[in-house]
Each structure stands twice: as C-alpha cells, then as structure tokens.
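[1] compute the structure for the input listed below.
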Amino acid sequence: LSIWLFHLIYIVEIASFARIGLGIKGFSGGIVSWQGGGAMMFYVVLALWTARGHLRKVLAAALGRPDAADDAGELLQYRSALAGLVVGVVFAIGWLHLAGMSLGLAIALVVLLLCTYLGLARIVAQTGLLYVNFPLSGQGLILGTVGPASIPASSLTAMAFTNVFANDGMGLFMPAFAQIAKIAEQVQQNRRRIGWIVALGLLASMATSVFVTLYWGYSGGAYNFGSIALFRRTVPSVNSYVSHIRSPDPLEVAPFLLFAGGAVGMALLTFLRYRFMWWPVHPAGLAVAYTGMTKHAASSIFVTWLVKLIVLKTGGMMLYRRTVPFFIGLIVGYAMVVGIGYALDVIYFMGQGHGVHAY
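    Residues are numbered from 1 along each chain as shown. Here you go, the predicted model:
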C-alpha cells in the first residue's frame, strides 16, 4: 500500500513543482529525491537508535567484555564482523584518498554510502521489493549540500568513478546478506558454514566478473558490451562531473527544505505506525516510492496489493496461505523461462542474443 500510494503522491508533487518552476539541475532523480533521501537517512538513524542496546552488546562481545551478546547462532563471529568492518572502511577511505579525494570527503562519502546500504537493506527486508535503489546517493547528497564549487577538481574526478557503488544498486551486497541471514535461521546446526559458503561464493563471483570483463574488454572492446551500467549510466554520470568542474551549479535552498521535510515525514509516519495499530501506511514508501526501479514496478506493486487485499478479505489467512505456492510458482516459472532463453541464445545466437531480462 505505502509503495504505490506514495508513488502517486510523488507524481502529484512533481507536477506541482513543475507548475511553479521548481527544480534542480544535475540530479537524475529529480527534486523529490531529496525528500526520499531525508526520509531514508532518518530511517537509518532511527534503526540504529532502536538497536543501540543490542549494538552495545555486540561491541562488548567483539571486545571480549562481560554482559555481551551471544553470537553462537550467527553466520559470523561478532569479533570477525567488527574487524572486517573496520578494515573494510579504512581500506575504502584510504583507496579513495590515494585516488585523489580529500580525506574528509572520502570519510563522508563512505559513511553516507554505508548509511544508504543499511537503509536499503532494511527496506528490502520489510517490504520484499525485488528491485529498488537509493532515493539519493551519498555523492548526490554531498554535491547538493556543500556544492561542486567548494570541492577540488581532483576530488570531483575521483568521486565520478565512485558512482559504481550507487548506480542501480550494482555491487550492493547488504540487502542480499540480510535475506541470507533470514534464510539461515531455518538451519539448526553448523549455521556458521553458511557464512563461509557465502563468502567463498562472493569472492569467486568477483574474481570471475573482473576476469571476464577485462578479457572481453581487451578482446572485443568494452564499447560493444551494450551494457546499461557501462553506457546509459556511467557515461552520462562522468559527463555530469565534467560539467560540475567546468561550471559548478550554485547551492539551492529547496534541497535542504525537502530533505528536512522527508525526515519529518518519516518521523511522523513511524510514530503513527508504532502508536496506532490501525494505521495502514508503512513508512518505507516515503523513502523509495519514486526511485528508478520502483517507478517501473509501481503498477505491478499495485496489482499485487489489490490481489492480496481481495484474497485476505474473501478467505482470510487460510486462503492466503493456500495461494502462496501459486504466486511463488509464477516467479520460479518466469526465472526458468529467462534461463531457457539465455541457454537458447548461447546455443543458437552466440554473440547476437536477445534482451530477455535486463536485471
């Protein structure tokens, strides 16, 4: 309900802004992306504040202190998780700094990216959305708040190549890991092995992707990939940073107001949801209802909500549980057809295949 409802509200809002001539240059998500960004950031802050007691016990367990959380049933020891987080963050900041980005900007970008990853993982876990991306990336938040004119050209150049962390959610692992952790709850013994299997699978897939990309790039030319991520996203993104360097846009007041409005709206929706049991609208819709992926799926989400409402109103939970295998079968059948189509393209149309499914 919240996804398609806020999607309609955003459409009306955008039309109203267009009527009065309110808009921001240089941001593909449009001006309402700032409203979703404010909602997302408040969502993350609220989640961390709510979990502060557990996080304190997790930190105590990682440091070997008493009164700590038990990690026996987790995919990874808390000490290993904390060490991996610290090493990963330091490595990412150091890499960006060596690439030409100022140290302060590198720290801010990594922190903002982690916040958006965490917020998106929570929204995916709560809504079940298959395709969803950020309302506002960390890069866009930095450019809109401090302005391109205040950022050195070397830092902007380095930031241009970091959009790979945000474009369409490519390379985004946290939502998938959240789903894996949920599935692992069904395993009673040796749950830690699942974590190792996931880690090995991730490393193998990364190594394969890097090798294949480099091999195809040098043998056939990367321009012939026809990839959405490489051209429809990357080239315009890099060109936009060139524009930021040559003629930086001035700061505007509207983004700050919309960001604050999104945060206040998320606070109000969260209060209503936890205070009144009858309140039907989930806060997540305010954050992601008008992101790129959700816009394409809004009509499907509405149909899904309508069918679920009819099933629950006519047959209750008993009928709902009986219909679940049918709808899971639709998803499995679609995935199977995509796989068969891919196999046929490889066998009969090598190098001249057909676009069956973009993601």
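[2] for this structure, give me the ranges with low pLDDT.
    Within the chain, the stretches with pLDDT under 70 are 22-30, 166-171, 226-233, 351, 358-359.
[3] which residues of it fall in strands?
    In the chain, no segments count as strands under DSSP state E.
[4] which residues in it form helices?
    Assigned by DSSP state H, the helices in the chain fall at 2-20, 32-50, 52-62, 78-98, 103-127, 138-146, 153-160, 174-184, 192-216, 234-246, 254-275, 284-288, 292-348.
[5] residues in contact with the first one?
    Identification of contacts with helix 2-20 by CB atoms under 8 Å, 6 or more residues apart in numbering yields 23, 30-32, 35, 127, 129, 281-286, 288-290, 294-295, 298, 301-302, 305. (Glycine included, C-beta is placed from N, CA and C.)
[6] what do you get if the cut-off is 7 Å, keeping everything else the same?
    Contact with helix 2-20 is made by 23, 30-32, 127, 281-282, 284-286, 289-290, 294, 298, 301-302, 305, as judged by CB atoms under 7 Å, 6 or more residues apart in numbering.
[7] any of those residues buried? List them.
    The neighbour count (16 or more other CB atoms under 10 Å) marks 30-32, 127, 282, 284-286, 289-290, 294, 298, 301-302 as buried among the contacts of helix 2-20.
[8] would you turn those residues into JSON lines with distance to G64?
    JSON lines is the format used below for the buried ones among the contacts of helix 2-20 (distance: CB to CB, whole Å):
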{"residue": "G30", "distance to G64": "49"}
{"residue": "I31", "distance to G64": "49"}
{"residue": "V32", "distance to G64": "47"}
{"residue": "T127", "distance to G64": "37"}
{"residue": "H282", "distance to G64": "39"}
{"residue": "A284", "distance to G64": "37"}
{"residue": "G285", "distance to G64": "42"}
{"residue": "L286", "distance to G64": "41"}
{"residue": "A289", "distance to G64": "44"}
{"residue": "Y290", "distance to G64": "46"}
{"residue": "T294", "distance to G64": "43"}
{"residue": "A298", "distance to G64": "49"}
{"residue": "I301", "distance to G64": "46"}
{"residue": "F302", "distance to G64": "51"}
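[9] let me know the closest of these to V212.
    For the buried ones among the contacts of helix 2-20, the minimum distance to V212 (CB to CB) is 30.0 Å, reached by T294.
[10] got a list of what the closest one touches?
    For T294, the contact set (CB under 7 Å, 6+ apart) comprises I3, H7, V132, V288.
[11] what's the closest of those to G333?
    Among these, and counting by CB to CB, the member closest to G333 is V132, at 22.7 Å.
[12] isn't that closest one up against A289?
    No. The pair V132 and A289 does not pass the contact test of CB atoms under 7 Å, sitting 9.9 Å apart.
[13] the closest residue to A83 other than its chain neighbours: what's it in contact with?
    Nearest residue to A83 in three dimensions, chain neighbours excluded: A62, at 7.8 Å (CB to CB, 6 or more residues apart in numbering). Listed by CB under 7 Å, 6+ apart, the contact set of A62 reads Y78, R79, L82.
[14] which of those count as buried?
    Among these, the ones that count as buried by 16+ other CB under 10 Å are Y78, L82.
[15] let me have the contacts of A62 in JSON lines, adding distance to V212 as columns.
    Below are the contacts of A62 laid out as JSON lines (distance: CB to CB, whole Å):
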{"residue": "Y78", "distance to V212": "35"}
{"residue": "R79", "distance to V212": "35"}
{"residue": "L82", "distance to V212": "34"}
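[16] which of the contacts of A62 lies closest to Y274?
    The closest of the contacts of A62, once distances to Y274 are taken by CB to CB, is Y78, at 27.9 Å.
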